[in-house]
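**Student:** sequence unknown, structure follows:
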């Protein structure tokens, strides 16, 4: 593009040209700066076009042997360029460089899955570059349609239940199914004191979703866990397990959590149902507290009030989307650990979710599992998820056991559930006796 031609145009005309090249925030540039950005973008497009043509010819003629097919998730930096991660969500020496021109041209977003071609890096290049894009999120580039941004999707209350019931003796998921149902798009907290069985509950929920909802994409995000627990979880499930162990830096906890969230958003934009199980949101909040510049204000336990903005945004991303797609986040939060900060984090998150499962330390000490406190636990708008039979049964159980202490409630409930083969038989037995 001719520089003299650009100099002869008005600023508004230059802004329109800049937008066509995908240049963001055009209003912040002066005229000379905007001309410079347009020329940079134009040169980038020309070089990319020539490179694409040469690769097309080489593929047709099989004359080149130094190109290879690559596939990975794109991680876009603050400077505008990106990398296809070769090692899942972690950076590695075999990462593929993605130019800002390609990112603008194909409107790539962080977390997109890219299939394309790369060539060997030259002496002056640290990473091999991506020179051709075939597919974005398993859709051919030629068939790619304009997609809505996640923030523009309309959130509604969950109206379709994740059925968790699997086996007769898997009591925890059978109880959750009708007393504390989980819907597609739920924002759920599992509130747990130490040694109350939160990991067992989380695994039961994971297993239930995996078996009954095979089309849903599941991510298990482990923050600050022990390495052996990460290994155990990977062997337990076929879902994607992403972990940052307790010996990793807080920055790594944050980077992985945000990357997983962006990947989930890309799938929701395509109309898919996605589930993220987080263990735990408390440790993620602690990582943000360490990494956030001090605001000069401190809450009880040394918590900076501004540190919770991003973890709340993470948790708040869970939603059921009108006309297709959902993002469900089920996160554990720690209480009664002896740390005032942990209690304060829970207090800040309390009320932000639309479903809570409270685990009882008293029940766990008496070896009554699942240690669910059914009076404190509940789901907002659960009538949208439950059948009439389930609603009647749940109400009868709560009323019938209202004069009994929590220990006896769970003990009796577990015994009665185990007597029946499935929840339908259990509901019939309850309604018949009342």
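**Tutor:** Alright, I've got the coordinates. Keep in mind that this is a model prediction, so the values were computed, not measured.

**Student:** other residues contacting stretch 384-397?
**Tutor:** Contact with stretch 384-397 is made by 157-161, 177-179, 181, 183, 374, 379, 382-383, 413, 423, 426-427, 430-431, 434, as judged by Cβ atoms under 8 Å, 6 or more residues apart in numbering. No exception for glycine: its C-beta is placed from N, CA and C like everyone else's.

**Student:** where's the residue positioned nearest the centre of the chain relative to residue 154, distance?
**Tutor:** With distances taken as Cα atoms, centre = their mean, the residue of the chain nearest its centroid is residue 261 (3.4 Å). The spacing between residue 261 and residue 154, counted by Cβ to Cβ, to the nearest Å, is 19 Å.

**Student:** what's the answer for residue 215, then?
**Tutor:** Residue 215 is 22 Å from residue 154, where distance means Cβ to Cβ.

**Student:** and for residue 266?
**Tutor:** 18 Å.

**Student:** quick one: which of those two has more around it?
**Tutor:** residue 266 (23 against 10; other Cβ atoms under 10 Å).

**Student:** from residue 32, how far out is that one?
**Tutor:** The gap separating residue 266 from residue 32 is 37 Å, by Cβ to Cβ.

**Student:** again with residue 177
**Tutor:** Residue 177 is 64 Å from residue 32, where distance means Cβ to Cβ.

**Student:** with neighbour numbers in mind, choose between these two.
**Tutor:** The neighbour comparison of residue 177 against residue 32 (other Cβ under 10 Å) goes to residue 177, with 21 against 10.

**Student:** what are the ranges of the helices in the stretch 301-434 of the chain?
**Tutor:** 309-316, 340-349, 361-365, 388-400, 406-418, 423-433 (DSSP state H, counting those that start in this stretch).

**Student:** turn the ones you listed into CSV, columns for mean pLDDT, distance to residue 302 and mean neighbour count.
**Tutor:** Listed next are the helices of the stretch 301-434 of the chain as CSV, based on pLDDT from 0 to 100; distance: least, Cβ to Cβ, whole Å; neighbours: other Cβ atoms under 10 Å:
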stretch, mean pLDDT, distance to residue 302, mean neighbour count
helix 309-316, 94, 16, 18
helix 340-349, 91, 6, 19
helix 361-365, 87, 24, 17
helix 388-400, 85, 39, 15
helix 406-418, 83, 33, 17
helix 423-433, 85, 45, 14
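
**Student:** show me the domain layout of this structure.
**Tutor:** When the chain is parsed with the TED database, its domains come out as 67-144, 155-432.

**Student:** wait, which of those domains is closest to residue 38?
**Tutor:** domain 67-144 (12.1 Å; Cβ to Cβ).

**Student:** can you give the distance from that closest one to the centre of its chain?
**Tutor:** Computed by Cα atoms, centre = their mean, to the nearest Å, the chain-centroid distance of domain 67-144 equals 21 Å.

**Student:** looks to me like residue 97 is in a strand.
**Tutor:** Yes - applying DSSP: H, G, I helix; E, B strand; the rest coil, one finds residue 97 inside a strand.

**Student:** bridging residues for it?
**Tutor:** On the basis of DSSP bridges, residue 97 is bridged to residue 83, residue 129.

**Student:** neighbours of it, just the number please.
**Tutor:** Residues contacting residue 97 under the criterion other Cβ under 10 Å number 17.

**Student:** and if you look at the one 4 residues further on?
**Tutor:** Neighbourhood size, residue 101 [other Cβ under 10 Å]: 22.

**Student:** where's the closest residue in space to residue 121 that isn't next to it in sequence relative to residue 412, distance?
**Tutor:** Of all residues not flanking residue 121 in the chain, residue 128 sits nearest, at 4.5 Å (Cβ to Cβ, 6 or more residues apart in numbering). Using Cβ to Cβ, residue 128 is found at 64 Å from residue 412.

**Student:** now do residue 354
**Tutor:** Residue 354 sits 28 Å away from residue 412 when distances are taken as Cβ to Cβ.

**Student:** go on, residue 148?
**Tutor:** Taken as Cβ to Cβ, the span from residue 148 to residue 412 is 49 Å.

**Student:** show me where the stretch 201-350 of the chain has strands.
**Tutor:** Assigned by DSSP state E, counting those that start in this stretch, the stretch 201-350 of the chain shows strands spanning 217-223, 240-244, 273-279, 319-321, 326-334.

**Student:** including mean pLDDT, distance to residue 253 and mean neighbour count, could those go into a markdown table?
**Tutor:** Listed next are the strands of the stretch 201-350 of the chain as a markdown table, based on pLDDT from 0 to 100; distance: least, Cβ to Cβ, whole Å; neighbours: other Cβ under 10 Å:
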| stretch | mean pLDDT | distance to residue 253 | mean neighbour count |
| --- | --- | --- | --- |
| strand 217-223 | 97 | 5 | 23 |
| strand 240-244 | 95 | 5 | 21 |
| strand 273-279 | 96 | 11 | 25 |
| strand 319-321 | 95 | 23 | 23 |
| strand 326-334 | 96 | 14 | 26 |
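
**Student:** any chance of these in JSON lines with distance to residue 347 as columns?
**Tutor:** Output for those, formatted as JSON lines (distance: least, Cβ to Cβ, whole Å):
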{"stretch": "strand 217-223", "distance to residue 347": "20"}
{"stretch": "strand 240-244", "distance to residue 347": "25"}
{"stretch": "strand 273-279", "distance to residue 347": "18"}
{"stretch": "strand 319-321", "distance to residue 347": "23"}
{"stretch": "strand 326-334", "distance to residue 347": "10"}
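
**Student:** for residue 18, find the nearest of the ones you listed.
**Tutor:** Closest among the strands of the stretch 201-350 of the chain, using Cβ to Cβ: strand 319-321, at 32.0 Å.
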